[in-house]
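[1] No sequence on hand, only this structure:
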């Protein structure tokens, strides 16, 4: 299932892990002065054993 735009991300980390999924949340936006593009500022909420 895909998340809505600007919500954040849930993705699987490589390797054999107990909690292979990482949950991140968007906390704001910043403009990259070199490329003049907008980038998300993300914080890590935690790790989970399943995607749900």
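    Cool, got the structure. Since the structure is predicted, the reported quantities are computational estimates derived from the model, not experimental observations.
[2] Can you show me the helices along this structure?
    Applying DSSP state H to the chain gives no helices.
[3] The residue sitting furthest away from the middle of it and residue 26, how far apart?
    Distance to the chain centre peaks in the chain at residue 34, reaching 22.8 Å (criterion: CA atoms, centre = their mean). According to CB to CB, to the nearest Å, residue 34 and residue 26 sit 21 Å apart. Yep, even glycine has a C-beta here, placed from its N, CA and C like the rest.
[4] ditto for residue 47
    Counting by CB to CB, the gap from residue 47 to residue 26 is 18 Å.
[5] helices and strands of this structure: which one bottoms out on pLDDT?
    Sorting the helices and strands of the chain by mean pLDDT, DSSP states H and E puts strand 8-12 at the bottom, at a mean of 88.
[6] Pull out the buried positions in that one.
    Across strand 8-12, burial judged by 16 or more other CB atoms under 10 Å covers 8, 10.
[7] neighbouring strands for it, and are they parallel or not?
    The strands beside strand 8-12 in its sheet (DSSP bridges) come out as strand 21-32 (antiparallel).
[8] what's the span of stretch 1-15, first residue to last?
    This stretch, stretch 1-15, spans 22 Å end to end (CA to CA, to the nearest Å).
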